[in-house]
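Colleague: sequence first, predicted model second:
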2 protein chains.
Amino acid sequence: MPTKYEKIKKKLLEDILAGKYAVNDKLPTESELMQTFKVSRYTVRRAIGDLENDHYIYRIQGGGNFVDDWEKQESRTLKNKMIGVITTHIANYIFPNIITGIDRTISNNGYSLLLSNTQNDPRKERTSLLKMMENNLSGLIIEPTQSAINQENFDLYRKLQTLNLPVLFINAHYEEFKFPYVEVADTQSAELLTNQLFTEGHQRILGIFKTDDLQGIHRMNGYIKSYQQHSAQSAFSEILMFQTKDNMQTVFKRVAEILQRTDRPSAVVCYNDQLAIQLIAFAKSLHLNVPRDLSIVGFDDYQLSVFVDPALTTMAHPKEKMGHDAGALMLEMINRKTVKPIIYAPELILRKSIKNITDK
Amino acid sequence: MPTKYEKIKKKLLEDILAGKYAVNDKLPTESELMQTFKVSRYTVRRAIGDLENDHYIYRIQGGGNFVDDWEKQESRTLKNKMIGVITTHIANYIFPNIITGIDRTISNNGYSLLLSNTQNDPRKERTSLLKMMENNLSGLIIEPTQSAINQENFDLYRKLQTLNLPVLFINAHYEEFKFPYVEVADTQSAELLTNQLFTEGHQRILGIFKTDDLQGIHRMNGYIKSYQQHSAQSAFSEILMFQTKDNMQTVFKRVAEILQRTDRPSAVVCYNDQLAIQLIAFAKSLHLNVPRDLSIVGFDDYQLSVFVDPALTTMAHPKEKMGHDAGALMLEMINRKTVKPIIYAPELILRKSIKNITDK
DNA sequence: CTAAAATATTTGTCCGTATAAGTCAATGAC
DNA sequence: GTCATTGACTTATACGGACAAATATTTTAG
């Protein structure tokens, strides 16, 4: 548990970095802070003293405490040859590959990688963003956290716009902010993948999508688009939505209900390969053979997808190349060039997890 | 008239600068200073706190206040809450897990991760080390590159010793430097693994080891030790050595020669799981069935090792736990505590890639 | 209305006290 | 001899109160 003065310090620092108090604004007086935080004056002064040492505020006896010019202080103006990277995960899934790609590109140009992960928690994203703003980086690459529903850190993103710091999104981007981005064409990707299932004769295709990030939303939209195009063949569209906070056991319970119906779907489009691999194992436990009884597809061409039985049909994700491109774009931005977003065209990877059921 | 705490500060600083207290000497306790200067504890702490901020002294709770290494410029500069990590790889093999472990531990304590990888190239290790030294970090975790043959960066390691910077090795350590380390008991590990093959009735066991890193050397030594203990059963010991710079095709060519002899080995101990997995595929291409015709074992319990066919028998590697422990140790070192190395006991993971041939 | 004076507010220094938390060496059981 | 426990010692956090010093605001005198 952090100490009281650390809590006060953290709160004040956040407000300063987020722009709630501008430079030379007067902070609340010590007595006010005493009341707000219900602590003694000693504790308030301890917190403020620390911030003064870090040159975030200055004090005038009899006058008050004021925000120092932290954005352009000599100690901070000299930018470190360091590029920050905020991702939802570091070691899981496809992220190691993305990070390697970034690292390769920027380390060849003398930059280091400052990593931070959010574990898909917007509060941790906030912490990460603040930490990044304290180190004065040359650039910042962000994979947004819960991008479809999370707007609680938009104040920090706005602040980032005013800072003289190149920012780049990967995997997804917010329309609200004009930062460049590098991402897969998720909607088209899902459309192509679902089309493929229609081509293979499937008419009842379940879609399972995570709806708290934009990739999930886009993939769901692509799935729906494909259904619209094939409305002549099939009107049976069923979508199961879940979010990060949901217990996956509950989700799988609902999947079981659906798959045990007599008119069950013959194919499932999964939000990503991670889910698809879990679903293959789950289908086995329901005594459904993949792909004989059920076709399953995913996204991202995860490393393990070729090893699972049956090998998973999926959509390509450039991973290391995406990291490489993101790094290259970032280097250009640091050199004050204007860059254009990069969107990768969809690419289908056919393996063994789907079956043609046209002549049944 | 100067304030009381300024007087105390001045007096202590004079004593330190004059050499009355040497570096790491213990200063009078706060109670003693209270009596000496006839002031309250607050005043003493205010003076000492100021000196701490200027890095003239450091404090250890319950221990006392000590003279900091003020003559060195490095310690005077404000340290970033950043911990550097240099590994041979970032995204491959078991490294993502190790890095996750480190990240989880240190990010909970407000530290960020500054990553750099060497791709097993000593020149890149040199670049990484230099880059890390520029960024005045709080600490540095290093997995040494080509630790068995690479001494060209020893000058930098010596420099690190004189710097006031906590340094920690993982996976392997140099005897020449007294930095703490976290590693697996590789020699014992290899011994146990080879013993297991003897127990299963094997007498001709090929060892393939990478000899430019210490892990490879230790594993080779463990293999040899096991052979010495089983000299009654078998004298047929054969070792194939390779280095990072070697073309693996050439290595496998030699493996093919060995495996196609009539008196070929019945088992192979591989440097790590990565090699073992390649060897399983290679054995198939030679029409050797694993484990019927050839038993194969590796090290590190790589994520994929359970997915390959047959699932690989291997030695455990704590991976994420190792990262966690390394992070925890580093945090203690930053707080000026002395820490002891951590060595993990070997643990055998029996799977399907070895066969008992006692009753042949 | 202006300028000086009085008053209120705000930060700076300092004290005494209390409890928590970490260090370290002596002690005692095994 | 080894290891866990205990207790003395030391620093860390926190409270409340007091007065000093600088600044801000209001009042008052001209």
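Modeller: Noted; the coordinates are in hand. Numbering: from 1, shown residues only, chains lettered A, B, ... in the order given.

Colleague: and stretch A:252-270, average pLDDT?
Modeller: The average of the pLDDT scores along stretch A:252-270 is 93.

Colleague: and residue A:358, what is it in contact with?
Modeller: With contact taken as Cβ atoms under 8 Å, 6 or more residues apart in numbering or on different chains, residue A:358 is in contact with A:200-201. Just so you know, the C-beta spots here come from the backbone N, C-alpha and C atoms, and that holds for glycine as well.

Colleague: and what about it, helix, strand or coil?
Modeller: coil (DSSP: H, G, I helix; E, B strand; the rest coil).

Colleague: gap between it and residue B:13?
Modeller: According to Cβ to Cβ, to the nearest Å, residue A:358 and residue B:13 sit 87 Å apart.

Colleague: DNA strand D contacts on chain A?
Modeller: A:3-6, A:38-43, A:46, A:60-63 (Cβ under 7 Å from any atom of the strand).

Colleague: name the residues that touch stretch A:160-173?
Modeller: Contacts for stretch A:160-173 (Cβ under 8 Å, 6+ apart): A:19, A:71, A:87, A:98, A:129, A:133, A:137-144, A:147, A:177-184, A:213-215, A:218, A:322-323, A:326, A:329-330, A:333-334, A:341.

Colleague: do the same with stretch A:214-229
Modeller: With Cβ under 8 Å, 6+ apart as the criterion, stretch A:214-229 contacts A:144, A:147-148, A:171-173, A:184, A:186-195, A:198, A:205, A:207, A:209-211, A:234, A:237, A:239, A:241, A:269, A:271, A:299.

Colleague: those residues in strands, which ones?
Modeller: Among the contacts of stretch A:214-229, the members falling in strands are A:184, A:205, A:207, A:209-210, A:237, A:239, A:241, A:269, A:299 (criterion: DSSP state E).

Colleague: element containing residue A:116, please.
Modeller: Taking DSSP states H and E as the definition, one finds residue A:116 inside strand A:112-117.

Colleague: now that strand: how far from the chain's centre is it?
Modeller: Using Cα atoms, centre = their mean, to the nearest Å, the distance from the centre of strand A:112-117 to the centre of the chain it belongs to is 15 Å.

Colleague: residues of the helix or strand following that strand that come out buried?
Modeller: Next helix or strand after strand A:112-117 toward the C-terminus (DSSP H and E): helix A:122-134. Neighbour-count burial for helix A:122-134 flags A:122, A:124-134 (criterion: 16 or more other Cβ atoms under 10 Å in any protein chain shown).

Colleague: could you dump these into JSON lines and include distance to DNA strand C?
Modeller: Output for the buried residues of helix A:122-134, formatted as JSON lines (distance: Cβ to the nearest atom of the strand, whole Å):
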{"residue": "A:122", "distance to DNA strand C": "30"}
{"residue": "A:124", "distance to DNA strand C": "24"}
{"residue": "A:125", "distance to DNA strand C": "29"}
{"residue": "A:126", "distance to DNA strand C": "27"}
{"residue": "A:127", "distance to DNA strand C": "22"}
{"residue": "A:128", "distance to DNA strand C": "26"}
{"residue": "A:129", "distance to DNA strand C": "28"}
{"residue": "A:130", "distance to DNA strand C": "24"}
{"residue": "A:131", "distance to DNA strand C": "23"}
{"residue": "A:132", "distance to DNA strand C": "29"}
{"residue": "A:133", "distance to DNA strand C": "25"}
{"residue": "A:134", "distance to DNA strand C": "23"}
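
Colleague: please convert those residues to TSV, extending it with pLDDT.
Modeller: Shown next, in TSV, are the buried residues of helix A:122-134 (pLDDT from 0 to 100):
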residue	pLDDT
A:122	94
A:124	91
A:125	94
A:126	93
A:127	90
A:128	92
A:129	94
A:130	91
A:131	87
A:132	90
A:133	89
A:134	84
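
Colleague: so can I have JSON lines of those showing distance to residue B:245?
Modeller: Below are those laid out as JSON lines (distance: Cβ to Cβ, whole Å):
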{"residue": "A:122", "distance to residue B:245": "47"}
{"residue": "A:124", "distance to residue B:245": "42"}
{"residue": "A:125", "distance to residue B:245": "42"}
{"residue": "A:126", "distance to residue B:245": "46"}
{"residue": "A:127", "distance to residue B:245": "43"}
{"residue": "A:128", "distance to residue B:245": "39"}
{"residue": "A:129", "distance to residue B:245": "42"}
{"residue": "A:130", "distance to residue B:245": "44"}
{"residue": "A:131", "distance to residue B:245": "39"}
{"residue": "A:132", "distance to residue B:245": "38"}
{"residue": "A:133", "distance to residue B:245": "43"}
{"residue": "A:134", "distance to residue B:245": "42"}
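
Colleague: these: which ones sit near chain B?
Modeller: Contacts with chain B within the buried residues of helix A:122-134, as defined by Cβ under 8 Å from any Cβ of the partner chain: residue A:131.

Colleague: could you break chain A into its assigned domains?
Modeller: The record's domain split for chain A, according to automatic domain parsing, is A:4-72, A:74-184+A:320-344, A:186-317.

Colleague: backbone phi and psi for the closest residue to chain B within the stretch 251-360 of chain A, please?
Modeller: Closest contact between the stretch 251-360 of chain A and chain B, by Cβ to the nearest Cβ, is at residue A:307 (4.2 Å). Main-chain dihedrals, residue A:307, degrees, to the nearest 10: phi -90, psi -20.

Colleague: so how many other residues sit close to it?
Modeller: Neighbourhood size, residue A:307 [other Cβ atoms under 10 Å in any protein chain shown]: 16.

Colleague: what sits against the nearest residue to it once chain neighbours are set aside?
Modeller: Leaving aside its chain neighbours, residue A:307 sits nearest to residue B:307 (4.2 Å; criterion: Cβ to Cβ, 6 or more residues apart in numbering or on different chains). Contact analysis of residue B:307 by Cβ under 8 Å, 6+ apart lists A:304, A:307-308.

Colleague: of these, the lowest pLDDT goes to which?
Modeller: Lowest pLDDT within those is found at residue A:307 (85).

Colleague: how about residue A:60: what's its closest non-neighbour residue?
Modeller: residue A:66 (6.8 Å).
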